[in-house]
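Undergrad: dropping a prediction and its sequence here:
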Amino acid sequence: EPEVTQTPSHQVTQMGQEVILRCVPISNHLYFYWYRQILGQKVEFLVSFYNNEISEKSEIFDDQFSVERPDGSNFTLKIRSTKLEDSAMYFCASSRATDRYDNQPQHFGDGTRLSIL
Amino acid sequence: GENVEQHPSTLSVQEGDSAVIKCTYSDSASNYFPWYKQELGKGPQLIIDIRSNVGEKKDQRIAVTLNKTAKHFSLHITETQPEDSAVYFCAASRGGADGLTFGKGTHLIIQP
């Protein structure tokens, strides 16, 4: 069964450094998402991406965050200047939704644990 | 924005018994309600979902019910097995562009 893959599984970064988290969504999916889960808390939506542009973003997704689809398979989340509070699990998801009103199941990767020192 | 409340936070049941997890949502525009199972070190795995035009859906030992008027939905697991032990999350969404709004999760423990 096709799955979403994320790399690396664990990333340790010094505060203030830039970090890029990588995801390979399911190949025929068109909508991509990033979520984060701070330890012991709920999963929180960051951003959705469709047709090479941001579709929706949450209040968490401020100017230090950016997303990109650099090629036909990868989807990345960049955090420009990391803070201690960015430490969390970051999950990528994809769905075969074809427009903003089309609710289709979102399939999640196993996440990247980001630790900011 | 949407707010999803989930109860209980921990649920311990004897193997073979049923488990019920309940969620409420606040945004009447939400029309899609998935449930995810998360095992240690893994991402959330979709186990069942329901859309607002349906009141109940069943898949083997798992069922979900939706009451749109009361804005609540529930997950029912029958004949629980040890492998059902995990954290379960409910979520709500208005559309494909919108992210899922998750509940805080229920740690389900199946006692042998």
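TA: In hand now; what should we look at? Residues are numbered from 1 along each chain as shown, chains lettered A, B, ... in the order given.

Undergrad: and the helix or strand encompassing residue B:63, what does it pack onto?
TA: Assigning secondary structure by DSSP states H and E places residue B:63 in strand B:62-67. For strand B:62-67, the packing partners by 3 or more Cβ pairs under 8 Å, 6 or more residues apart in numbering or on different chains; DSSP states H and E come out as strand B:32-38, strand B:45-51, strand B:56-59, strand B:72-77. In short, each C-beta sits where N, CA and C put it, glycine included.

Undergrad: in its sheet, which strands sit next to the third one, and in what direction?
TA: Using DSSP bridges, the strands paired with strand B:56-59 in its sheet are strand B:62-67 (antiparallel).

Undergrad: show me which positions of the partner strand end up buried.
TA: B:62, B:63, B:64, B:65, B:66 (16 or more other Cβ atoms under 10 Å in any protein chain shown).

Undergrad: ok, which residues in chain B are in contact with chain A?
TA: Taking Cβ under 8 Å from any Cβ of the partner chain as the measure of proximity, chain B contacts chain A at B:31-32, B:34, B:36, B:41-46, B:49, B:51, B:89, B:91, B:93, B:95-105.

Undergrad: rewinding a little: CA-only coordinates of the strand holding residue B:63 in CSV, if you can.
TA: Included here for strand B:62-67 are C-alpha records, laid out as CSV according to Å, rounded to 0.1, in the frame of the first residue of the first chain:
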residue,chain,number,x,y,z
ILE,B,62,-15.3,-0.5,14.5
ALA,B,63,-18.2,1.9,14.1
VAL,B,64,-18.7,5.6,14.2
THR,B,65,-21.9,7.6,14.8
LEU,B,66,-22.6,11.2,14.1
ASN,B,67,-25.2,13.5,15.5
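
Undergrad: low-scoring stretches of chain A, by residue?
TA: Low-confidence regions of chain A, defined here as pLDDT under 70, do not occur.

Undergrad: show me where it has strands.
TA: A:5-7, A:10-13, A:19-24, A:31-37, A:43-50, A:53-57, A:65-68, A:75-79, A:88-95, A:107-108, A:112-116 (DSSP state E).

Undergrad: so for chain B, which of the ones you listed sits nearest?
TA: For chain B, the closest of the strands of chain A is strand A:43-50, at 2.7 Å, according to Cβ to the nearest Cβ.

Undergrad: so the closest one versus strand B:32-38, what angle?
TA: Per axes from the mean of the first three to the mean of the last three Cα atoms, to 10 degrees, the angle that strand A:43-50 makes with strand B:32-38 is 120 degrees.

Undergrad: who's in contact with the residue nearest in space to the middle of chain A?
TA: What sits nearest the mean C-alpha location of chain A, by Cα atoms, centre = their mean, is residue A:34, with 2.7 Å. For residue A:34, the contacting residues are A:21, A:23, A:46, A:47, A:67, A:77, A:90, A:91, A:92, A:93, taking Cβ atoms under 8 Å, 6 or more residues apart in numbering or on different chains as the criterion.
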